[in-house]
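**Q** Everything below, folded, please.
(one chain, ligands or ions: 3)
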Amino acid sequence: MSNRPLSGRRRVALVLSALLGGTALVAVPLSTPAAAAGGLAVQYRTSASGATADQSEPWFKVRNTGSTAVQLSQVKIRYYFKADSASATYRFACSWAVKGCANVTGTFGTLAHPTGTADRYLEIGFTSTAGSLVPGADTGDMQLRFYQSSWQPLNQADDYSFNGAQTSYADWNKVTAQLAGATVWGTAPAGNDPTDPTDPTDPTDPPGGGQALFDDFSYSSYTDPAISAHGWNVRSNSGGPGVPGAAWDPSKVTFPTVSGNKVMNLETSTAGTGESTRQTEVLTKSMKFKNGTYAARVKFADAPKSGPDGDHLVQTFFTINDLKAPMADDYAEYDFEYLPNGGWGETGNILYTTSWETYNPDPWQAVNQHTESRQSYAGWHDLVLTIDNSSIKYYVDGQLFGTHDAQYLPERPMSINFNQWLIDLAGQTSTTARAYDEQVDYVLHVKDQVLTPAQVAAKVTAYRGAGTAFVDEVPSS
Ligand SMILES: [Ca+2]
Ligand SMILES: [Ca+2]
Ligand SMILES: [Ca+2]
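**A** Ligands and ions are numbered 1, 2, ... in the order given. Take a look at the predicted model:
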């Protein structure tokens, strides 16, 4: 939403939407996009082949057998073993790795369902600096080891994943590999699959693979170089939307910790004049997002954190591209917009979801479809938008909020944006300073996959379980 008049846009849109509704445009369901193929293969060898050993030495190579690049930070390997005693503790070490030992992590876990040959596992992971594997590439040698903290010998003969006869690299399916939380290689000890993406009884299992953007907004400040490195622009350039004379102030974007979790805070403030108004926006630098699932956990506010209430504020999560000409068909925009104090002719709080075909800036003319709900949405909300080849769906807190028609589907990729701004200064005419916060916990996009809200939640949980605060596998368009 940039550089265009917004006053009255909803009213006009309603009329046009009604007109379009009478023209019998037919939604044409196209073929469903193929699920992005993600696959891994794990080769194993041991360099400590004895039934007992001072340390176990499982060495690995991981190969990308899929058709798209894999970020190693999304890969986990589990080696299953039976502990030498219930109280035994173990330490991990990396002797040498082509990818660099500093980029390889090892942690130990306890199985929920112990078997005769496994009650613990060593989980190998990678840092975000480990890089990625193009299709067909492998990690090269990873010479790993683990040992009892007491340095007592360990018994390998009873370990599920151990094979003393395999002293040169070969595929080994008694270790498992997970990609973005989905098990894509190997067989875990019975009852201990890290995940089972094919289990039809669990509706929260996300589909395997899929190229995703996930960001938990774990940054230090708006000047943190990781923000730009991760593809975000904290807006400073002037222009619409908002009140004339307002500035977009990057210093008003902060990253506080809320309940132990970093969030992005967009602060918008005013003292009743355009010149005193500070608005905030954070957007992806790249327009590379089209079909698939978009999700964010957003905290809307009904009241300012200081000063008098009543401003015509807009708190948002949206995707958008650029209007190349008035009424150009290939424009696209999909919005969640919360107005805590009304505006656009509304007198109270209202949440809009709006899907845009196109518009004409002058004279103002909009072609869109929207769904609205007149109630308070103060507090945290899970917002999900899905776009496939037949419809656009908006969910709030797991409930379907609106379904929009195929004629509003995007023709071109878009950016992902969050902003908070003032429609006008008519809601509160005081010149006393006031400031409002919108907060964002995370954002997720999965390209070409329509996820349910439960699958979105499971995927976010999987990223956090893997210690992943940021990943971007979505190719440039
Ligand atoms: Ca053992
Ligand atoms: Ca977060
Ligand atoms: Ca369009």
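
**Q** Please state the backbone phi and psi of the residue of the stretch 51-200 of the chain found nearest ligand 3?
**A** Closest residue of the stretch 51-200 of the chain to ligand 3, C-beta to the ion: residue 68 (27.1 Å). Just so you know, the C-beta spots here come from the backbone N, C-alpha and C atoms, and that holds for glycine as well. Dihedral pair for residue 68: phi -130, psi 160, per degrees, to the nearest 10.

**Q** same deal with residue 251?
**A** The phi/psi pair for residue 251 (degrees, to the nearest 10) is phi -70, psi -10.

**Q** Over to residue 454?
**A** phi -70, psi -40.

**Q** Residue 45 touches residue 164, doesn't it?
**A** No - Residue 45 sits out of contact with residue 164 when judged by C-beta atoms under 8 Å, with a separation of 10.6 Å.

**Q** Show me which residues of stretch 286-306 are buried.
**A** 286-301, 304 (16 or more other C-beta atoms under 10 Å).

**Q** can it be found next to ligand 3?
**A** No - shown here: stretch 286-306 not in contact with ligand 3 (C-beta under 5 Å from the ion), separated by at least 11.5 Å.

**Q** Just list whatever residues bridge to residue 365.
**A** residue 360 (DSSP bridges).

**Q** so it touches residue 359, yeah?
**A** Yes - using C-beta under 8 Å, residue 365 is in contact with residue 359, at 6.3 Å.

**Q** Give me the more crowded residue out of those two.
**A** residue 359 (22 against 16; other C-beta atoms under 10 Å).

**Q** What's the separation between that one and ligand 2?
**A** 33 Å (C-beta to the ion, to the nearest Å).

**Q** Not counting residues beside it along the chain, what's closest to the closest residue to ligand 2 within the chain?
**A** Per C-beta to the ion, the residue of the chain with the smallest distance to ligand 2 is residue 216, at 3.9 Å. Nearest non-adjacent residue to residue 216, counting by C-beta to C-beta, 6 or more residues apart in numbering: residue 469, 4.3 Å away.

**Q** repeat for residue 348
**A** residue 342 (5.3 Å).

**Q** And the longest strand belonging to the chain, what does it pack against?
**A** Secondary structure of the chain per DSSP state E: the longest strand is strand 434-447. Packed against strand 434-447, as judged by 3 or more C-beta pairs under 8 Å, 6 or more residues apart in numbering; DSSP states H and E, are the following elements: strand 212-215, strand 264-270, strand 292-300, strand 313-320, strand 415-422, helix 453-465.

**Q** any idea how far residue 192 is from the residue in the stretch 151-300 of the chain positioned nearest to ligand 3?
**A** Proximity of the stretch 151-300 of the chain to ligand 3 (C-beta to the ion) peaks at residue 290, 11.5 Å away. For residue 290, the distance to residue 192 equals 38 Å [C-beta to C-beta, to the nearest Å].

**Q** for stretch 85-104, the distance to its chain's centre please.
**A** The chain centroid and the centroid of stretch 85-104 are separated by 29 Å under C-alpha atoms, centre = their mean, to the nearest Å.

**Q** Likewise for stretch 293-300?
**A** 9 Å.

**Q** what does it contact?
**A** Residues outside stretch 293-300 that contact it (C-beta atoms under 8 Å, 6 or more residues apart in numbering): 263, 315, 317, 319, 334, 336, 338, 340, 377-387, 416, 418, 437-446, 449-451, 453, 456, 460.

**Q** Among those residues, the buried ones, what's the ChimeraX command?
**A** Selection of buried members from the contacts of stretch 293-300 for ChimeraX, criterion 16+ other C-beta under 10 Å:
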select :263,315,317,319,334,336,338,340,377,381,382,383,384,385,386,387,416,418,437,438,439,440,441,442,443,444,445,446,449,450,451,453,456,460
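
**Q** filter the contacts of stretch 293-300 down to the ones near ligand 2?
**A** 441, 442.

**Q** pLDDT-wise, which helix or strand of the protein ranks last?
**A** One helix or strand of the chain scores below all others by mean pLDDT, DSSP states H and E: helix 9-21, with a mean of 36.

**Q** OK, contacts around the residue nearest to residue 216?
**A** 215, 216, 218, 262, 463.

**Q** Close to ligand 1: what parts of the chain are there?
**A** Listed as neighbours of ligand 1 in the chain under the rule C-beta under 5 Å from the ion: 82, 155, 158, 159.

**Q** so can I have TSV of these showing secondary structure and distance to residue 76?
**A** Formatted as TSV, those follow (DSSP: H, G, I helix; E, B strand; the rest coil; distance: C-beta to C-beta, whole Å):
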residue	secondary structure	distance to residue 76
82	coil	20
155	strand	25
158	coil	24
159	coil	19
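
**Q** Buried among these? Make that a ChimeraX selection.
**A** Under the burial definition 16+ other C-beta under 10 Å, those of the residues of the chain next to ligand 1 that qualify are selected in ChimeraX by:
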select :82,155,159
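
**Q** Now do the same contact list for the spatially closest residue to residue 408 that is not a sequence neighbour.
**A** Leaving aside its sequence neighbours, residue 408 sits nearest to residue 355 (C-beta to C-beta, 6+ apart; 3.9 Å). Contacts for residue 355 (C-beta under 8 Å, 6+ apart) come out as 333, 334, 335, 368, 369, 370, 392, 404, 408.

**Q** could you redo the last one with a cut-off of 7 Å?
**A** The contact partners of residue 355, taken as C-beta atoms under 7 Å, 6 or more residues apart in numbering, are 334, 368, 369, 392, 404, 408.

**Q** can you give me the strands in the stretch 251-400 of the chain?
**A** For the stretch 251-400 of the chain, strands defined by DSSP state E, counting those that start in this stretch occupy the ranges 253-254, 257-258, 261-262, 264-270, 278-284, 292-300, 313-320, 333-339, 350-360, 365-373, 379-387, 392-396, 399-404.

**Q** among those strands, which is nearest residue 175?
**A** Of all those, strand 292-300 sits nearest to residue 175, with 30.5 Å by C-beta to C-beta.

**Q** Residue 302 is in contact with residue 340, correct?
**A** Yes - assessed by C-beta atoms under 7 Å, residue 340 is found in contact with residue 302 at 4.5 Å.

**Q** what residues are shared contacts of these two?
**A** Shared contacts of residue 340 and residue 302, counting by C-beta under 7 Å, 6+ apart, come down to 349, 378.
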